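Visitor: give me the fold of what follows.
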Amino acid sequence: MNINQTLVDTLQDETNEPILFKGVWLCWEQLSQAEKFISSFIILTPAWWFFGWTYSWFFIVGSILLIHQIKKKDLILKRPSWLVISGLLFHCYRHSVLLLNSSEVGLSVWVDILVGICFYFIIWYIENNNIRIRVKVLAWAISVLALEIISFWIVAQLIFKAPHFIPPRTLVSQFLDRSERYIQGSGASNYLLPYWPEDKLPGGFARFAFFYPVPEDFGLISGAISAFSLELKNHYWRIVLFCSGIFLLFVSGTRMAWISFLLILVIRCLIVLSKNWGIIVLYALIGFFCFVMLSVPQVTDITYESFSNTTQSGSNLRKDSSEVRGLIYRRTWEEITTDPEIEKLIFGRGAFGPGVVPGFEPAKIGSHSFILGTLIYRQGLLGTSIFVMYWTLMSRKLFFSKDKYPLSSPLIFLFISFTFPTMEFTLGHNLILLFALLPTHQFLEVPVRRGRQRSYVLA
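Guide: Purely as a prediction, here's the structure:
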């Protein structure tokens, strides 16, 4: 019998746990270089937070180049794909419009430009080197991260009761002497802000961001954790990781992340039902429920009241935020529709408009919405068209690529997309987008040619 085939059969057996794990610990020597690097990056999230997330991208790219230098392996990159080109084009256009239209351009803008270049270089590197990571390896690293976060919450919330504090600066911001005085809503990435003590959730809990700049970033990460957990075959592990992500999503207090997560959960259920029952039965069920809700008055009234109460409860949870957002959107739309300069509509305004709430720095025209603010208001129709091309190519890769993507990858893409109406494109979007781009499957298979036959061995 072929030795390589025997190896694959053995590894694909249900008793494959000892290969990757020794108890609850991961067998480091069994991992590929990419798996070691990605797992370390996830586990060391608190270190990147302390160091400064903005500058951690330079460390990632520098580590990739250093690994190639140590191994004396040339960094050979093919021509970038249209996905990378379109993303980089949007990034350059976005900052070019800002530089042309704003007189207040500091070091942070140039740093953001370099960070974006690093981000698209990483995507380019993933595509060229066919970076892969097994589901269980990625799930183990995410589980360790969830354990770190929950342990931090127990100490900060349950033991110390989330007291008020003066936020210290990140290591890099101290070195660069940036933002000496903290102003709420401004320069959050330069400070260590694990929670917002003044924002209260049901039960009197503080709103947490943990190891990320803002709670919105953490809400996206939490939703992605729960979405990815459904890929695990181990029921106990899947349930624990899924519930952990749900709990962390709650303490983030990010309403749009909640709504988006529920949407992708419904979509996943529909996909699974269509596979098990058949598409005709699925459509019949959808049609039946829609008919009942719209045709039976009692059911219609109950549905409407439940939706209204849920919406009202969500608004009351952070009423000031809902009112401020509504004011920002109205003022932004008025600026777009009433401005007589057609050039601004086509090429964008680049920078934010004036503030709408005195004393609250982030409440500006053109903020708090990626679609209405970042794209239409600040980038114009031209910049919006470039992003649509980039996002279309991204969806094509995740939905129709020949690479082995789990179901969670396109669902995470939808999860990101659903947040665009009321959220900016943040660090959380970039992080989970990178992990969605990693083709993850149970075993890494690398073709090994033997004469005219092709066999596979574990990478």
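
Visitor: contacts, neighbours, all on C-alpha from now
Guide: OK.

Visitor: for the stretch 351-459 of the chain, which segments count as strands?
Guide: In the stretch 351-459 of the chain, the segments counted as strands under DSSP state E, counting those that start in this stretch are 445-450, 453-458.

Visitor: and the closest residue to residue 98 other than its chain neighbours, how far from residue 130?
Guide: Excluding its sequence neighbours, the residue lying closest to residue 98 (CA to CA, 6 or more residues apart in numbering) is residue 350, at 4.0 Å. Residue 350 sits 36 Å away from residue 130, going by CA to CA, to the nearest Å.

Visitor: who has more neighbours, these two?
Guide: Higher neighbour count among residue 350 and residue 130: residue 350, with 24 against 13, using other CA atoms under 10 Å.

Visitor: residues contacting the more buried one?
Guide: 94, 95, 96, 97, 98, 99, 100, 101, 102, 378, 379 (CA atoms under 8 Å, 6 or more residues apart in numbering).

Visitor: name the nearest of those relative to residue 237.
Guide: Residue 237 lies nearest to residue 94 out of the contacts of residue 350, by CA to CA, at 42.0 Å.

Visitor: what's the closest non-adjacent residue to the closest one?
Guide: That would be residue 379: by CA to CA, 6+ apart, it lies 6.2 Å from residue 94.

Visitor: tally of neighbours for that neighbour?
Guide: Residue 379 has 31 neighbouring residues, counting by other CA under 10 Å.

Visitor: distance of it from residue 142?
Guide: 35 Å.

Visitor: my guess is the residue nearest to residue 94 contacts residue 343. True?
Guide: No - in this structure, residue 379 is not within contact of residue 343 by CA atoms under 8 Å, at 11.0 Å.

Visitor: circling back to that earlier point, can you give me phi and psi for the residue nearest to residue 98?
Guide: The phi/psi pair for residue 350 (degrees, to the nearest 10) reads phi 80, psi -60.

Visitor: could you number the chain from 48 rather than 1 from now on?
Guide: Yes, from this point I'll number from 48; that puts the last item at residue 397.

Visitor: next one: it from residue 186, what distance?
Guide: 39 Å.

Visitor: could I get the full set of helices for the stretch 298-447 of the chain?
Guide: Ranges of helices in the stretch 298-447 of the chain, per DSSP state H, counting those that start in this stretch, are 302-324, 326-342, 344-364, 366-385, 389-394, 427-447.

Visitor: mind telling me which of those helices the model trusts least?
Guide: Here the lowest mean pLDDT among the helices of the stretch 298-447 of the chain goes to helix 344-364, at a mean of 47.

Visitor: which strands and helices lie in contact with the helix or strand containing residue 165?
Guide: Element membership of residue 165, judged by DSSP states H and E, is helix 154-176. Packing contacts for helix 154-176, counted by 3 or more CA pairs under 8 Å, 6 or more residues apart in numbering; DSSP states H and E, involve helix 100-117, helix 129-148.

Visitor: how confident was the prediction at residue 192?
Guide: Residue 192 is given a pLDDT of 96.

Visitor: isn't it right up against residue 88?
Guide: No - the criterion here is CA under 8 Å, and residue 192 misses it with residue 88 at 10.2 Å.

Visitor: of these two, who's got more company?
Guide: More crowded of residue 192 and residue 88, by other CA under 10 Å: residue 192, with 19 against 15.

Visitor: surely the more buried one is in a helix?
Guide: Yes - under DSSP: H, G, I helix; E, B strand; the rest coil, residue 192 falls within a helix.

Visitor: from residue 257, how far off is it?
Guide: 11 Å.

Visitor: look up phi and psi at residue 213.
Guide: The phi/psi pair for residue 213 (degrees, to the nearest 10) reads phi -90, psi 110.

Visitor: distance of it from residue 298?
Guide: In terms of CA to CA, residue 213 sits 21 Å off from residue 298.

Visitor: what does residue 486 give?
Guide: The separation that residue 486 has from residue 298, given CA to CA, amounts to 30 Å.

Visitor: and the angle for the helix holding residue 165 with helix 129-148?
Guide: 170 degrees (axes from the mean of the first three to the mean of the last three CA atoms, to 10 degrees).

Visitor: what sits up against helix 154-176?
Guide: Residues outside helix 154-176 that contact it (CA under 8 Å, 6+ apart) are 101-102, 104-105, 108, 124-125, 127-128, 131, 134-135, 138-139, 142, 477, 481, 484-485.
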